[in-house]
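Trainee: Dropping a prediction and its sequence here:
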Amino acid sequence: MKVGFLGPRGTFTEMAARALFPDKELIPCQTIPLSMDKVSTNEIDLTVVPIENTIEGSVNLTLDYLIHKQRLPIIAGVTVTIAQQFLMHPIQLEKGNVPERVLSHPHALAQCHDFLKETYPDSQLEYTNSTGSAAEWLSTNPEVPAACIANELAAKEYGLTIVHKDIQDYSSNRTRFLVLGRPGDTHQVEGPYKISDRTTLMITLPEDYTGALHQVLSAFAWRKLNLSKIESRPTKTGLGNYYFIIDIDQKMDDILIPGAISELEVLGCKVELLGSYTCYSLTDLRVV
Ligand SMILES: O=C(O)C(=O)C[C@]1(C(=O)O)C=C[C@@H](O)C=C1
């Protein structure tokens, strides 16, 4: 079985993929959308994508591509502790150079905003496709006075030195990743520590009428279905038009969730199931 991840080697997505699939072939993909396309064209069987971060919120690229372009079923989730490191090439350190540029994934730069403002206020921030690709770039450009933000795995992989350790602005920094597969395929995913079950629904309201969202939420509330996340994303059809992505804290059952879906459909909502799956964590702390 081949499992895709946002590459190159040394990304947080690779850490998530390794935790869930320690003995499978892991395939680095250049971007998140490309990894999803490769599942649908059968080049790989599953892909692991970031979906939500405690500091930065939803990963909109993943969510929007999943909704609009590549509707792959969610088959598992995994939460990873994110510890960001400030890395430089040993040659730059020997020369005693101060980094003029700091490269990383936009989420990683945002997670270290306070640190960068206080420690390197004059450095230019540059976005890369992933933290791993920033580290890879640094390793192949040792003559450039630059630094990157990435994890310890990337420091080892690309021979870089950790200059500042654990620089994220909040120590509770975590990212939740999803495993996406192909419709109809059944893959058993087992993670290190199980933390919860989830069902993710995408709901389109019939039109913008008073109390519409309240009616949607009450279909879950009176059935005592606990919701762990509500997210709205633009339908991209006009200003003010949004989908709601709702995570219910349990797997699909025979009565309660189907009952809520039927009630919403009677109200004129369109309800689509994005997945019903188990969420894992890399640590035995109950982090969600
Ligand atoms: O760049 C990486 O290492 C990734 O795996 C991507 C990503 C993200 O999309 O948010 C994942 C976890 C961290 O929050 C930072 C970056």
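Mentor: Received, thanks.
Trainee: Show me which residues of the stretch 101-250 of the chain are close to the ligand?
Mentor: 105, 107, 108, 130, 131, 132, 175 (C-beta under 6 Å from any ligand atom). C-beta: built from backbone N, CA, C; applies to glycine.
Trainee: Which neighbouring elements make contact with whichever helix or strand the third one is part of?
Mentor: Under DSSP states H and E, the secondary-structure element containing residue 108 is helix 106-111. Taking 3 or more C-beta pairs under 8 Å, 6 or more residues apart in numbering; DSSP states H and E as contact, the helices and strands that helix 106-111 lies on are strand 46-53, strand 124-127, strand 146-150.
Trainee: How is this protein divided into domains?
Mentor: 2-81+173-180, 85-164, 193-281 (automatic domain parsing).
Trainee: Take those and lay them out in CSV including mean pLDDT.
Mentor: Listed next are the domains of the chain as CSV, based on pLDDT from 0 to 100:
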stretch, mean pLDDT
domain 2-81+173-180, 96
domain 85-164, 97
domain 193-281, 93
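Trainee: Turn the ones you listed into CSV, including mean neighbour count.
Mentor: Converted to CSV, these look like this (neighbours: other C-beta atoms under 10 Å):
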stretch, mean neighbour count
domain 2-81+173-180, 21
domain 85-164, 19
domain 193-281, 16
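Trainee: closest to residue 187 out of the ones you listed?
Mentor: Between residue 187 and those, the shortest separation by C-beta to C-beta is 6.0 Å, and it involves domain 2-81+173-180.
Trainee: quick one on the thing from earlier: from the residues of the stretch 101-250 of the chain next to the ligand, which two are the most distant?
Mentor: Counting by C-beta to C-beta, the most remote pair of these is 132 and 175, 14.0 Å apart.
Trainee: Might you report the residue contacts of residue 194?
Mentor: Residue 194 sits next to 278, 279, 280 when contact means C-beta atoms under 8 Å, 6 or more residues apart in numbering.
Trainee: Look up which residues are beta-bridged to the nearest residue to residue 60 once chain neighbours are set aside.
Mentor: Leaving aside its sequence neighbours, residue 60 sits nearest to residue 233 (C-beta to C-beta, 6 or more residues apart in numbering; 7.2 Å). Applying DSSP bridges to residue 233 gives these bridge partners: residue 243.
Trainee: for residue 233, what are its contacts?
Mentor: With C-beta under 8 Å, 6+ apart, residue 233 has these contacts: 60, 63, 64, 67, 242, 243, 245.
Trainee: I'd guess the third one is in a helix, am I close?
Mentor: In other words, residue 64. Yes: with DSSP: H, G, I helix; E, B strand; the rest coil as the criterion, residue 64 is part of a helix.
Trainee: Next one: it from residue 70, what distance?
Mentor: Going from residue 64 to residue 70 by C-beta to C-beta, to the nearest Å gives 10 Å.
Trainee: could the domains of the chain be laid out in JSON lines, adding distance to residue 186?
Mentor: Formatted as JSON lines, the domains of the chain follow (distance: least, C-beta to C-beta, whole Å):
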{"stretch": "domain 2-81+173-180", "distance to residue 186": "9"}
{"stretch": "domain 85-164", "distance to residue 186": "30"}
{"stretch": "domain 193-281", "distance to residue 186": "12"}
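Trainee: what about the residue nearest to residue 37 when sequence neighbours are not counted, which SS state?
Mentor: Spatial nearest neighbour of residue 37, excluding adjacent residues (C-beta to C-beta, 6+ apart): residue 70 at 6.3 Å. Put simply, residue 70 is coil when judged by three-state DSSP.
Trainee: doesn't residue 33 make contact with residue 70?
Mentor: Yes: using C-beta atoms under 8 Å, residue 70 is in contact with residue 33, at 7.2 Å.
Trainee: which residue lies farthest from the center of this structure?
Mentor: residue 95 (37.0 Å; C-alpha atoms, centre = their mean).
Trainee: quick one, phi psi at it?
Mentor: Dihedral angles of residue 95 (phi, psi; degrees, to the nearest 10) stand at phi -80, psi -10.
Trainee: how near is the residue nearest to it when sequence neighbours are not counted to residue 92?
Mentor: Sequence neighbours aside, residue 145 is the residue nearest to residue 95 in space, at 8.0 Å (criterion: C-beta to C-beta, 6+ apart). As judged by C-beta to C-beta, residue 145 and residue 92 stand 6 Å apart.
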